[in-house]
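Peer 1: Based on what follows, work out the 3D shape:
(chains A, B and C)
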Amino acid sequence: MNIGKSRKTSDLAALDGATFGLDKAMTLVSFVLLFVIVFIPIFMIVYNAFFFEGRFDIEMFQTVVFSKDNVEAMTNTVIIGVAVTIFGTIVGLFYAWLLGRSDIPCKGLMRALFMIPYMFPPFFGAMAWDMLLSGRGGYVNTWLMNTFGFETAPLNINSLWGIIFVEVSYYFPFVFMQVVSALERMDPTLEESARIAGASQGTVIRKITIPLVTPAISAGALLILISSLAHFGVPAILGFSKQIYTLPTVIYACIDRAGGSFEGIRQGAALSILLVFVVAMALILQKIVLSSGSYDIIKGKSMRPTLIKLRGAKYPLLFLSVITLIVIVLVPLVMIFLEGLVKAYGLPLIPENFTLENFQNLATSKATMDSIRNSLFLSISAGVICMFLGVMVAYVVIKIKPRGKEILEMLSVLPYSIPGTVLAIGVILAWSGALWGISLYNTIWIILVAYMARYLSFSMKSASASLQQVHPSLEEAARACGASHTESLKDVTLPLIRPAMVAGFFLIFLPSMRELTTSILLYGPYTRTLGVQIFALRDSGQIPQASALAAIAILIIIVCNFIVTQITKDRKGV
Amino acid sequence: MAEDQIILKHVTKRFTTKTLGTVTAVNDFNLNIHEGECFSFLGPSGCGKTTTLRMIAGFEDLSEGEIHLCGQPVSIKEKNLYVPPEKRGLGMVFQAFAVWPHMNIFDNVAFPLQIKKVPHDEIRKRVKEALHHTSLDNMEDVYPSDLSGGQQQRIALARAIVTNPKVMLLDEPLSNLDPKLRESMRFEIKALQRKFGFTVIFVTHDQSEAMAISDRMMVCDMGNIMQIDTPSNLYNKPVNRFVHNFLGQSTFLHVVLDHGQVYARGDMQNPLPLAIPEHAEREMVVATRPNAIDLNRDHGFKTHIYSRVFLTDTTEYLVPMGDQLLKIQTPHRIAFGKGEECYVDFTHVMWYPEEDESAEAERAKRQLV
Amino acid sequence: MADVRFENITFHYGDKCILKNFSLTVEESQIMCLVGPSGCGKTTLVRCLLGFIKPETGAIYVGDRCVFSAKDRIDVPPERRHIGVVFQDYAVWPHLTVLENILYPMKKMRMNRDEMARRSRHALEQVRMVGYENHLPSQLSGGQQQRVAIARALVSSDEVIVMDEPITNLDAKLREEMLQEIRVIQHDIGTTILYITHDQEAALQLCDRMAIMDYEGNLCQLGADEDIILRPANRFVFEFIGVSNFLSLVQQNGRAYIDVGEKYPLDDCPMDIFAGGQKMEMGVRSNDIAFDNTSPIRAKVRSSVFLGSEYNYFIQLGNRDLRVQQNALDVIQHGEVKEGQEVGLRFLQPRYYPAKEQKGGNA
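Peer 2: Residues are numbered from 1 along each chain as shown, chains lettered A, B, ... in the order given. From the prediction side, this is the model:
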């Protein structure tokens, strides 16, 4: 309505005199911060890939991009990405339909099991599966060879299929969550009207239900695709030993080999552009697929959809699903704990070989304690800073609406789609002294800057959603009651978005605690993160210690998750 | 004699809920709907009308009883007989339209025919006809999300009539439309019924809508049928206070009968111009319609104007009678001023016994289910 | 209690002129209903009063205080205007209890604790929410939240309260109750209330005086409900309330005729209405048309719908369709008419207005 619009822009004019300071200041700070944190690193990548010492130089780019190894890495990345997406979608769909539409029992149990992959980084799973199914003699392979007399290991996790398997087991919940939510919120009369028209249950699913949840499916599938394309941990752990590279791991290898020299970083930049190109293609694919309609299928009345009776298939399906879940989700976790207790890698997992030494060593190892401290510091700082930054930017974009707010919006959500590897390289280029004389390289601050860039979009999305629910009349009512603009923000707006802010904090704190992809490129001798330390321990052959640390990380994550659920449970708010 | 096309025998439906225990949503419904009739289920929310419709459609099973459609049994609890919705050959239109957004209008309307494997050419012809009857000509390629609520409802109608069903179920089909549109859609539905001759069951909570469209209606409350009759009989001879009050505005007067005269409670001096009814008791309630009362300047019960409020189409007066205030509505041109002397005469009234108010509380509790 | 004066308010949104030299006085201790269709400018006017938008010309006074003057460059910010507000969506703060909501404006005024306690108690009594002090809005129904909003407005200002469509989101029965309550409260306290709505029925029930605005932001009529209904000032006001029919009129040989293809003489029509030379139309409400077989004006009943308390007819008179409403009393006294029947019509209380510029008069 016209009047509504006039209200929002003229508001600013009316409030002009009294609040020049606050609104304009927030807008200015938002622009500057986003420019420095997000725009500059991205710009530096593009610049350094194509320019050398001020002159345009496409040679390095061409050499790097078309080298045989790198082309192979790109092919692997795409193959893995596509395969993981396809299988992850199928598995996710299967469970979504099972839990959202059938009368299978134990739904609560299965839902709980699904939350687990969300909590742990995929590379823990890679570690565990490597121990079980490594081509060189994982536990299961050894057992199979001994029992059945095979010459070579029958199952080899150090392969493309191995990588695909592990990634699928961690990414399928993306599709599951989207689809099960769409199924639950769908207006049941859409299906009922098809039945009245003569369609059997099966036809209804085929012609009505599935097409209507296709937007949810493609949203989940896209998330899987982008996550897989950008992922470092699983291909690193499973692929290095067999020279199987993907773009993120080849970028790491490139920089590692070059010992952190500028030339190496430049090459990394060139490869980053390649990676971004692949991701961009995926995003464009999404636009094409999703533009075929996102449907408004949410129901008004609270009617439950009729559940499909499984009858004879019920218990077999239940058995199959639970077993699969246990294998995918619980086995790796158990494996890690067991391995943390073992005296040396390769020893049979029997109580005689167990010891608490690994854990004790961790407590005394300076490197390990440092890494835990570093991760805590980084996660809390990134969480807090991004929480406030996200709210401020969201407020500027949604309530103040200055000219150029689209730029702000774009800059704040851009990092969401940019792979962590790429962001890390950009941050290196921006903060190594070349630009403004300050070098943060090898300090903890460079990691913090990268985290800020990476996670700002999380808190901004959460703050945006929350701010949009704060109806302007809530603030206006405060003004009419005698509150100045600043007071109304303090008394009304902030308290109402506080739950979302807290949620935003944890949305950043939890992933950054266990993060590996970005910090693996940015860590220095004293600035290892928890993820990096686990990876490094494993890389240097100290497998039980790596597992022990991973086990501790798991415990920390479980505790943090529990605290989060308690805190966010009884929030009053919008 | 028109054949009974839809028969309900002792149909009962019970639900177990977490908060209220077992609730009987539908209690022993017995109903015979004739072929070609437009029959409404009317009542407040929680009365059982939607549940009954869903049992006829086949989306709910019965706790007890039988349902027969077009001479065939479709649900018999005792014999565990249950025909699924897709085999009942009905047409149905829902409150929220339930038009499939991922299909264009042609595909939406053609869907029931495609299921029946009707040949392609015939599908095209029949869809065109159906669209013509619902004023959606030449819109085959349009997608529903581009259309207004009224147009989407017409798509739903076209889809329902394209198979020439004998019975059409309409579940509050007009509630999501704005008032002007509701009226015109009502005419359209009635015109379609006249043209095709199908039987219609129309569920609504809006009494004027039901009265406008129905040949006969069933008024229900809290799972029980109150009265089944034609609209004008229900309006003029409601069987109890609930039905009287539910169908249009009511005004009630508590009266005392004494020595062959009727007095307003609180005023035993001045008799009212009312004749003693057949089954008279000492204390009764007189019910009439606010705009059926003759407010004039010369004949009837003498009183004055206590208050006056202007409504959109009428002026509403309150006049004291005994210890109560009687509500009267007249067109604006009948203008009395506040405090002015006036006379009240009754035309058509119904008599009811005094009843207690606990029914109201039970009804309110029900609406939470 | 204070009065509110709008003087010559002009406001544009982009190119569109919403208000042009608009003036209105809301008298002290009255309920003034500002009524008009959506987009007519009533919400804009209120937002100017509250200080959320700035008009281009004019001045606004609340009692003795000037809160806005374009000429003198006065623009008091919203928090210092001391006007109570009840918004359409209540705007009750969900994170504060009922009591905290009501105390807020008094805290901003830095009242002392005893005074705050006394006033909040009084306000809660007025809106019948005593006992709910520690409830959160999420625990209250729509009607209860609305009452809290009203209580908060009551303590914000002794002088003026603005209510912007406060009951639209409530169901019919609750609306009735709330209107009663607002009347009672205002009667008790005597605060001036400016009530904005597009719902004529609510306005008619509530107001001491009504101001009707048309689509262009003009003030069409200002008066008591009786004036608006019985003596509408112009065609817009007449058409705005209720359902009306319009028929073209022609003048021939000193007599007036209804022109519906055929011409029917209208002997009661005052001839001076043709003096201005414009084309004239007769407007008549749908329940002011009676069936009278002695009348020479013959029409045919095209459809008849029984709605219970009234019968709605579509009647064809010449080339025009009329909507006629017959209430239960008429039906009992004169009988109903059936579809297809020919009837004679008599127009009771017709009014005469200039024809609208474009074709198809009834908007």
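
Peer 1: Next, residue 32: secondary structure please.
Peer 2: All of this is about chain A. Put simply, A:Val32 is helix when judged by DSSP: H, G, I helix; E, B strand; the rest coil.

Peer 1: wait, I meant chain C there
Peer 2: strand.

Peer 1: Touching, it and C:Ile212? I think so.
Peer 2: No. If you go by Cβ atoms under 8 Å, C:Met32 and C:Ile212 don't touch, sitting 11.5 Å apart. From N, CA and C alone the C-beta is placed, and that goes for glycine too.

Peer 1: Tell me which stretches of the stretch 101-250 of chain A form helices.
Peer 2: Secondary structure of the stretch 101-250 of chain A (DSSP state H, counting those that start in this stretch): helices located at A:107-119, A:122-133, A:139-148, A:160-185, A:189-196, A:201-204, A:210-230, A:233-239, A:247-257.

Peer 1: okay, these in JSON lines with distance to A:Tyr395, mean pLDDT and mean neighbour count next?
Peer 2: Shown next, in JSON lines, are the helices of the stretch 101-250 of chain A (distance: least, Cβ to Cβ, whole Å; pLDDT from 0 to 100; neighbours: other Cβ atoms under 10 Å in any protein chain shown):
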{"stretch": "helix A:107-119", "distance to A:Tyr395": "29", "mean pLDDT": "80", "mean neighbour count": "15"}
{"stretch": "helix A:122-133", "distance to A:Tyr395": "35", "mean pLDDT": "89", "mean neighbour count": "26"}
{"stretch": "helix A:139-148", "distance to A:Tyr395": "54", "mean pLDDT": "80", "mean neighbour count": "14"}
{"stretch": "helix A:160-185", "distance to A:Tyr395": "28", "mean pLDDT": "89", "mean neighbour count": "23"}
{"stretch": "helix A:189-196", "distance to A:Tyr395": "38", "mean pLDDT": "92", "mean neighbour count": "25"}
{"stretch": "helix A:201-204", "distance to A:Tyr395": "45", "mean pLDDT": "88", "mean neighbour count": "16"}
{"stretch": "helix A:210-230", "distance to A:Tyr395": "27", "mean pLDDT": "88", "mean neighbour count": "22"}
{"stretch": "helix A:233-239", "distance to A:Tyr395": "35", "mean pLDDT": "92", "mean neighbour count": "28"}
{"stretch": "helix A:247-257", "distance to A:Tyr395": "35", "mean pLDDT": "89", "mean neighbour count": "23"}
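
Peer 1: need the residues of the stretch 51-200 of chain B near chain A, please.
Peer 2: Residues of the stretch 51-200 of chain B found near chain A, taking Cβ under 8 Å from any Cβ of the partner chain as the criterion, are B:57-59, B:84-92, B:94-96, B:98, B:100-102, B:111-112, B:115-116, B:143, B:145, B:156, B:159, B:163, B:169.

Peer 1: give me that answer again for 6 Å
Peer 2: B:59, B:85-86, B:90, B:92, B:94, B:98, B:101-102, B:111-112, B:115 (Cβ under 6 Å from any Cβ of the partner chain).

Peer 1: between the residues you listed, which has the most around it?
Peer 2: The residue in those with the most neighbours, by other Cβ atoms under 10 Å in any protein chain shown, is B:Met92 (29 neighbours).

Peer 1: Who does that residue form a beta bridge with?
Peer 2: Per DSSP bridges, the residues bridged to B:Met92 are B:Leu169.

Peer 1: what's the pLDDT at it?
Peer 2: For B:Met92, the pLDDT comes out at 95.
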